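In: how would this look folded up:
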Amino acid sequence: MPPAAKTAQSLDVVVVMDPIEKVKIAKDTSFAMLLEAQRRGHRLHYVRPGALAVKAGKAVATVAPLAVRDDKHDWFTLGEFAELAFGPDQVVLMRPDPPVDENYLHDTQILGLAQQQGALIANDPQGLRDYNEKLAALLFPQCCPPTLVSRDASALKAFVAEHQQAVLKPLDGMGGRSIFRADAGEANLNVILETLTDGGKSLAIAQKYLPEIKDGDKRILLVDGEPVDYCLARIPQGDEFRGNLAAGGRGEGRPLSERDRWIAAQVGPEMKRRGMLFVGLDVIGDYLTEVNVTSPTCARELDAQFGLNICGKLFDAIEAKFA
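Out: Next up is the predicted model:
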């Protein structure tokens with residue numbers, strides 16, 4: 001793949017992510033973003049985990065200069081940490097994995113100040129607060145399977161009885177954790193619902209079970225509202241019904257189907273309008289099940305299978321906003 005042309009403007013790319021020493025670079029999309037930014041001549045800055053702050057009414061962070069290499073044995077070098085004030089000519093990649101807890105929400109509020117100070121935040125901090133990844137799909141009901149969100153265990157149980165089989169999950173999980181497939185009349189259904197709702201205190205989501213999961217849970221990536229031409233189908237293995245790669249699913253790249261493109265066309269314009277530059281849609285069969293906005297992945301797998309440069313598309317979109 002030929003090198004990307006340098007942008008006319010060199011930017012400061014500030015990354016808020018999980019500890020860089022723990023990433024698996026072969027699959028880490030945040031790392032792919034950093035490689036692309038560096039390749040274009042932008043300056044990289046790594047935020048020490050937990051080091052976003054507000055000082056004298058201004059958003060700041062403790063950061064270190066960062067260099068990255070596509071070498072699984074030696075993939076990064078950090079310089080000395082120092083305080084950075086947010087401002088113009090900066091791009092902040094907000095990429096920590098869920099849960100979206102109070103610490104995460106507070107960080108988005110600090111990044112809202114950074115945005116007011118002139119920095120571009122990807123994804124938009126208000127959008128990150130507004131879009132719970134399970135609930136956001138329900139903003140597009142024409143795309144979704146039958147779904148119920150409730151704290152009421154009896155209502156959730158009735159939903160399972162109506163559809164005979166359902167998938168039950170919390171609103172703040174990721175990677176396939178705490179996802180249950182339940183049949184009507186299942187002996188453990190009461191305890192599953194008690195656990196997910198914390199005895200009626202927390203919302204849980206129930207969706208009609210889609211047998212098409214055996215063919216894969218497709219991840220469709222949107223860059224500034226436009227879909228990448230290929231998706232990654234995460235296919236369950238063995239006796240596992242979950243396709244998540246973190247749960248042992250096998251990733252298989254595929255061209256987007258006509259229905260995939262229709263779903264992307266329903267969701268993409270709203271994501272673009274809200275400043276959600278990099279989004280992952282989860283699609284099973286013909287149905288949208290989640291809209292991932294916090295730290296969507298699968299770019300590296302698709303790049304490797306199809307010779308793409310998905311993060312190149314992302315930085316084309318970012319640089320266009322500074323033109």
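In: where does the chain have low pLDDT?
Out: Using pLDDT under 70 as the threshold, the predicted model of the chain has low-confidence ranges 1-8, 174-176, 237-249.
In: Wait, Gln117 touches Phe86, no?
Out: Yes: using CB atoms under 8 Å, Gln117 is in contact with Phe86, at 4.9 Å. (C-beta placed from N, C-alpha, C; glycine too.)
In: Which neighbours do these two have in common?
Out: The contact sets of Gln117 and Phe86 overlap at 58-59 (CB atoms under 8 Å, 6 or more residues apart in numbering).
In: which one of the two has more residues nearby?
Out: Neighbours per residue, other CB atoms under 10 Å: of Gln117 and Phe86, the larger number sits with Phe86, 23 against 15.
In: Now do the same contact list for the more buried one.
Out: With contact set as CB under 8 Å, 6+ apart, Phe86 has these partners: 14, 58-61, 92, 113-114, 117-119.
In: try it again with 6 Å
Out: Contacts for Phe86 (CB atoms under 6 Å, 6 or more residues apart in numbering) come out as 59, 114, 117, 119.
In: Please narrow those residues to those residing in strands.
Out: For those, the ones inside strands are Ala59, with DSSP state E as the criterion.
In: What about the contacts of Phe86, which one has the most neighbours?
Out: Neighbour tally across these (other CB under 10 Å): the maximum, 25 neighbours, falls on Ala114.
In: so it sits right up against Lys58, yeah?
Out: No: the pair Ala114 and Lys58 fails to qualify as a contact (CB atoms under 6 Å) at a distance of 8.7 Å.
In: could you say what helices and strands the longest strand seen in the chain packs with?
Out: When the chain is scanned for its longest strand (criterion: DSSP E), the result is strand 43-55. Under the contact criterion of 3 or more CB pairs under 6 Å, 6 or more residues apart in numbering; DSSP states H and E, strand 43-55 touches strand 12-16, strand 58-68, helix 102-116.
In: ok, and for it, which residues are buried?
Out: Within strand 43-55, the residues that count as buried by 16 or more other CB atoms under 10 Å are 44-47, 51-52.
In: in the stretch 51-200 of the chain, which spans are helices?
Out: With DSSP state H, counting those that start in this stretch as the definition, the stretch 51-200 of the chain shows helices at residue ranges 102-116, 125-130, 153-163, 189-197.
In: which one of those lies closest to Cys231?
Out: The minimum distance between Cys231 and the helices of the stretch 51-200 of the chain falls on helix 125-130, with 22.2 Å, by CB to CB.
In: Pull out the buried residues from the closest one.
Out: Buried residues in helix 125-130, counted by 16+ other CB under 10 Å: 125-128.
In: Find out how far it is from the centre of the chain, if you would.
Out: On the basis of CA atoms, centre = their mean, to the nearest Å, helix 125-130 sits 13 Å off its chain's mean C-alpha point.
In: Equivalent analysis for stretch 101-113, please.
Out: Worked out by CA atoms, centre = their mean, stretch 101-113 lies 16 Å from the chain centre.
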